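Novice: build the 3D model from these lines:
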Amino acid sequence: MNRSTTVPTAETAGLPQSGERVYDRAFFLLCGGTVLFMASFGMLLPELPAHLEAMGGQQYLGGVVGMFTLAAFLSRFLSGRIADQAGRRKVMLVGSAVTALAGFGYLVATSIAAFMALRFFHGLSTGFRPPGTSAMLTDRIPRSRRGEALGYLGVAGNAGMAAGPALGSWLTVEWGIDWMFITSALLGMASLLLTWPLEETLPTARPVKRSDFNPLKGPLIDPQAWPAALVLLPIALAFGVYLTITPDFVDHLGYVYKGSFNTIIVASSIAMRFVAGRLSDRHGRIPVLLAGTWLLALGMFLLGTAEDKWMASLGGLIYGASIGINMPTVFAWTTDLAQPGRIALALGTMLMALEIGIGLGAVYSGMRFLGDVSVIPELYYMAALGSVIAGIALIPPLLKGRRS
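Specialist: You can find the predicted model right below:
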């Protein structure tokens, strides 16, 4: 059996089996590194639009998310393949190193061109680390508990996304934006340090070769992952809209610390992740995703109608719950669909849909918004409509599965 078809399993790697303790030191290092990594780049999101506007580049608002997303998308053509052949740990280390370097880079990126180039470079971090992290966790966890474990990993990611923006906004208001950039870099370095002692879980791991970076040699995607990728697309589009216009939306509603609104959403997502993964392990991925997509539509609709903080908070709570349901379920579904020996490649394929959706949502909403708060409801309603379509598309396979 060649490397491209070798199945990296818990048994072949000497890792925990079903019924054994799987939440060990390595699991907590994975989660700890994920918290720090997500906090490192997430803390920038609420303040970067205002930073770009101060540089005279408000018309490039969509590029704050768009350039980042483009780089993440392109790098996934390589990161999943490298993780399946050269090892999970290597791509995780690259992702953490990039986010640390990018944090320091923002201190000197004083022109719009340099800023956009740095956003592209920073996007490579999420193109590399998440597929490696999820694949390493999947190697360690029995199939019957994947949803549960990936849900807990999502809790770690959400914890970083909750703490990061709140900390970033506080640092910017109280100390200045340069301190936020420095803190982002330090968190990236800490993520690198927690990742370093992890042992590789891919039994056939080998050194990275030059051919690994040649897109013409070897598979770039796993077609088996397309169902999960297509369902993720409208979910990601809503996220792209949210990332682009919500900082100005909450500023319009009178929030001083803009990152605090994001904390509401992430806290709701964390709460749902404790149960959503287990539910998908027990009842199936599609029924859980159906519930998640309809909650997403409701959350986006309420954000579109919100005219005060209370209604916005309600919409944010429901939207956050939908993320907590959808993301671990989509990740677990992708690992179920993956071809043998291509778990990281399948995860990378699915995450390409995430980047496409986020990019389209960000670029379109940035071009449509241009500082006019009156168009914000329209953009949230558009995201809600996409979620409704995804929910409707899930009904036929759900009914087919019940009949069979």
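Novice: CA only for contacts and neighbour counts going forward, please
Specialist: Noted.
Novice: who's in contact with the helix or strand of the chain with the lowest mean pLDDT?
Specialist: Across the helices and strands of the chain, mean pLDDT, DSSP states H and E gives its lowest value to helix 48-54, namely a mean of 80. Helix 48-54 has contacts (C-alpha atoms under 8 Å, 6 or more residues apart in numbering) with 58, 60-61, 64, 112, 247.
Novice: can we see that at 10 Å?
Specialist: 44, 55-65, 110-112, 115-116, 177, 244-245, 247-248 (C-alpha atoms under 10 Å, 6 or more residues apart in numbering).
Novice: so which helix or strand takes in residue 221?
Specialist: Under the criterion DSSP states H and E, no helix or strand holds residue 221.
Novice: picking that back up, and after the least confident helix or strand of the chain, which helix or strand comes next?
Specialist: Proceeding N to C from helix 48-54, the next assigned helix or strand is helix 61-85, under DSSP H and E.
Novice: for that next one, buried residues please.
Specialist: 61-73, 75-85 (16 or more other C-alpha atoms under 10 Å).
Novice: helices along the stretch 1-150 of the chain, start to end?
Specialist: With helices called from DSSP state H, counting those that start in this stretch, the stretch 1-150 of the chain shows them at 25-42, 48-54, 61-85, 88-105, 112-140, 146-174.
Novice: same check, this time on the stretch 251-400 of the chain
Specialist: For the stretch 251-400 of the chain, applying DSSP H, counting those that start in this stretch gives helices covering 259-283, 285-305, 309-337, 343-369, 376-403.
Novice: which of the ones you listed sits most buried?
Specialist: For these, average neighbour numbers computed from mean count of other C-alpha atoms under 10 Å are highest in helix 343-369, which has a mean of 26.
Novice: could you check the angle helix 309-337 makes with that helix?
Specialist: On the basis of axes from the mean of the first three to the mean of the last three C-alpha atoms, to 10 degrees, helix 343-369 is oriented at 150 degrees to helix 309-337.
Novice: between helix 343-369 and helix 112-140, how big is the angle?
Specialist: Here helix 343-369 points in a direction 150 degrees away from that of helix 112-140 (the same axes, to 10 degrees).
Novice: tell me what helix 343-369 is packed against?
Specialist: Under the contact definition 3 or more C-alpha pairs under 10 Å, 6 or more residues apart in numbering; DSSP states H and E, helix 343-369 sits against helix 61-85, helix 112-140, helix 226-253, helix 309-337, helix 376-403.
Novice: distance of the closest residue to residue 147 other than its chain neighbours from residue 144?
Specialist: By the measure of C-alpha to C-alpha, 6 or more residues apart in numbering, the closest residue to residue 147 outside its immediate chain neighbours is residue 277, 4.0 Å from it. Distance of residue 277 to residue 144, given as C-alpha to C-alpha, to the nearest Å: 11 Å.
Novice: just the CA trace of the least confident helix or strand of the chain, in PDB.
Specialist: Output of helix 48-54 as PDB, limited to C-alpha atoms (Å, rounded to 0.1, in the frame of the first residue of the first chain):
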ATOM      1  CA  LEU A  48      -8.900  46.500  11.600                       C
ATOM      2  CA  PRO A  49     -11.800  48.200   9.700                       C
ATOM      3  CA  ALA A  50     -11.300  51.400  11.600                       C
ATOM      4  CA  HIS A  51      -7.500  51.000  11.200                       C
ATOM      5  CA  LEU A  52      -7.900  50.700   7.500                       C
ATOM      6  CA  GLU A  53     -10.200  53.700   7.400                       C
ATOM      7  CA  ALA A  54      -7.700  55.800   9.300                       C
END
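Novice: OK, contacts around residue 164?
Specialist: Residue 164 makes contact with 35-46, 158, 170, 180, 183-184, 187, 259, 262-263 under the criterion C-alpha under 10 Å, 6+ apart.
Novice: check what pLDDT it gets.
Specialist: As predicted, residue 164 sits at a pLDDT of 87.
Novice: gap between it and residue 110?
Specialist: For residue 164 relative to residue 110 (C-alpha to C-alpha), the value is 23 Å.
Novice: please apply the same query to residue 29.
Specialist: With the distance defined as C-alpha to C-alpha, residue 29 ends up 35 Å from residue 110.
Novice: which one of those two has more residues nearby?
Specialist: Between residue 29 and residue 110, residue 29 has the larger neighbour count (other C-alpha atoms under 10 Å), namely 18 against 12.
Novice: rewinding a little: now the helices and strands packed on helix 343-369 in a markdown table, with distance to residue 355 and mean pLDDT?
Specialist: Output for those, formatted as a markdown table (distance: least, C-alpha to C-alpha, whole Å; pLDDT from 0 to 100):
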| stretch | distance to residue 355 | mean pLDDT |
| --- | --- | --- |
| helix 61-85 | 5 | 83 |
| helix 112-140 | 9 | 90 |
| helix 226-253 | 7 | 87 |
| helix 309-337 | 14 | 91 |
| helix 376-403 | 15 | 86 |
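Novice: so which of those helices is nearest residue 196?
Specialist: Nearest to residue 196, of all these, is helix 112-140, at 12.7 Å by C-alpha to C-alpha.
Novice: and the closest one, how far out from the chain middle?
Specialist: On the basis of C-alpha atoms, centre = their mean, to the nearest Å, helix 112-140 sits 9 Å off its chain's mean C-alpha point.
Novice: list the helices and strands it packs on?
Specialist: The contact analysis (3+ C-alpha pairs under 10 Å, 6+ apart) places helix 112-140 against helix 25-42, helix 48-54, helix 61-85, helix 88-105, helix 146-174, helix 309-337, helix 343-369.
Novice: dump stretch 341-351 to PDB, keeping only the CA atoms.
Specialist: Output of stretch 341-351 as PDB, limited to C-alpha atoms (Å, rounded to 0.1, in the frame of the first residue of the first chain):
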ATOM      1  CA  GLY A 341      -5.600   8.100   4.100                       C
ATOM      2  CA  ARG A 342      -7.000  11.500   3.000                       C
ATOM      3  CA  ILE A 343      -8.600  12.900   6.100                       C
ATOM      4  CA  ALA A 344      -6.500  16.100   6.000                       C
ATOM      5  CA  LEU A 345      -7.100  16.500   2.300                       C
ATOM      6  CA  ALA A 346     -10.800  16.100   2.800                       C
ATOM      7  CA  LEU A 347     -10.800  18.700   5.600                       C
ATOM      8  CA  GLY A 348      -8.800  21.000   3.400                       C
ATOM      9  CA  THR A 349     -11.400  20.600   0.600                       C
ATOM     10  CA  MET A 350     -14.200  21.300   3.000                       C
ATOM     11  CA  LEU A 351     -12.400  24.300   4.400                       C
END
